[in-house]
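Colleague: here is my input; please provide its structure:
(one chain, ligands or ions: 1)
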Amino acid sequence: MEPTLEGKVALVTGASSGIGEAAALELARRGASVAVAARSVEKLEALAGRASASGGRVLVVEADVADRDSVGAMVGRVLAEFGGLDVLVNNAGLGLSGRVSELRAEDLRYVFEVNTVGPLNCLQAALPHMGRGGRIVNVSSVVGKRAIPKVGGYCSTKFALNALSDALRVEVAERGVSVTSVYPGTTRTAFRDNSRRTRDEKRGWRPKGVTPERVAKKIADAAEKGPRDVYVTLSDRLFVAGVTLFPGLTDLLLRSWAKD
Ligand SMILES: NC(=O)c1ccc[n+]([C@@H]2O[C@H](COP(=O)([O-])OP(=O)(O)OC[C@H]3O[C@@H](n4cnc5c(N)ncnc54)[C@H](OP(=O)(O)O)[C@@H]3O)[C@@H](O)[C@H]2O)c1
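Modeller: Prediction:
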């Protein structure tokens, strides 16, 4: 692997599991110094051990992205340890399942705090320290482009994140900082187990999904080049194109998903 990110400092939130863990390893493999943040410090320590064994420079930071003080302290530690910050990967997040008519407002508020306000907290803490070539990579979802039944609350947090990304991209363009939205489809992680749910929903058909390593490569590519939007697979891209062109037909096709 070419050390294409040699000399860069990256911060990955939600790095104790799944996509964030794989992204941290991929960024370290490409030569970046990587700060890994989450609430589960033991898992982060294990990850740091593996990354360091292959020569990576990794800093473990306990942080809750929904807590602004915790986020401020996290960025402070990265600056103190690595002397700067070039790449922020806003990946921490969780799911929320349940019909919109049954969602508990407190669950939706909590998931917004983590999935939407969390990235906002992190980018606001990071931006003042980012120079030209700085990269903000926000992990959204294909269901942040088209909401689907039984996960409408989760989808709404990713729609809101996309809105923040789109506005911010233009606001910071003159400063030479890029803002990328990554839209993974189903990915084989602990995401479903970690989701909040209103009640035990019958699990309908889902795509088998891709590995977190495949998503991680796209995130690392975004850290290198700072594109606008990133899809992981061609079928994700086609799904989004199709639902945008044919919204009414998509409603009809999704009706079977809404059944119990
Ligand atoms: N898996 C999918 O199918 C899929 C598809 C599209 C998009 N995504 C998105 O990809 C991202 C990563 O999900 P994943 O699939 O890798 O799920 P995961 O395996 O459950 O990982 C979620 C990560 O987020 C962290 N996290 C949760 N709440 C946090 C908080 N308050 N503060 C800091 N960290 C927090 C968790 O760490 P701690 O619990 O240790 O804090 C964990 O490291 C999420 O934003 C998710 O919405 C996932």
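Colleague: what residues does the stretch 101-250 of the chain have near the ligand?
Modeller: Where the stretch 101-250 of the chain comes near the ligand, counting by CB under 6 Å from any ligand atom, the residues are V114, V139, S141, P184, T186, T187, T189, A190, F191, N194. In this view, the C-beta of every residue, glycine as well, is placed from N, C-alpha and C.
Colleague: going through the residues you listed, which ones are buried?
Modeller: Buried subset of those (neighbour count, 16 or more other CB atoms under 10 Å): V114, V139, S141, P184, T186, T187, T189, F191.
Colleague: if we can go back for a sec, I'd like the residues of the stretch 101-250 of the chain next to the ligand as a markdown table, with secondary structure and pLDDT appended.
Modeller: Shown next, in a markdown table, are these (DSSP: H, G, I helix; E, B strand; the rest coil; pLDDT from 0 to 100):
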| residue | secondary structure | pLDDT |
| --- | --- | --- |
| V114 | helix | 98 |
| V139 | strand | 99 |
| S141 | coil | 98 |
| P184 | coil | 98 |
| T186 | coil | 97 |
| T187 | strand | 98 |
| T189 | coil | 98 |
| A190 | coil | 97 |
| F191 | coil | 97 |
| N194 | coil | 96 |
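Colleague: widest-spaced pair of those residues?
Modeller: Greatest spatial distance in those: V114 and T186, 19.7 Å, computed using CB to CB.
Colleague: tally of neighbours for G55?
Modeller: Close neighbours of G55, defined as other CB atoms under 10 Å, add up to 10.
Colleague: gap between it and R30?
Modeller: G55 sits 12 Å away from R30, going by CB to CB, to the nearest Å.
Colleague: which neighbours do those two share?
Modeller: Among the neighbours of G55, none is also in contact with R30 (CB atoms under 8 Å, 6 or more residues apart in numbering).
Colleague: still on that earlier bit, for L79, state which of the residues of the stretch 101-250 of the chain next to the ligand is nearest.
Modeller: Looking across these and measuring by CB to CB, the closest to L79 is V139, at 22.7 Å.
Colleague: quick one: contacts for that closest one?
Modeller: By CB under 8 Å, 6+ apart, the contact set of V139 is I19, V89, N90, N91, G93, V182, P184, I219.
Colleague: swap the cut-off to 6 Å and go again
Modeller: With contact taken as CB atoms under 6 Å, 6 or more residues apart in numbering, V139 is in contact with N91, V182.
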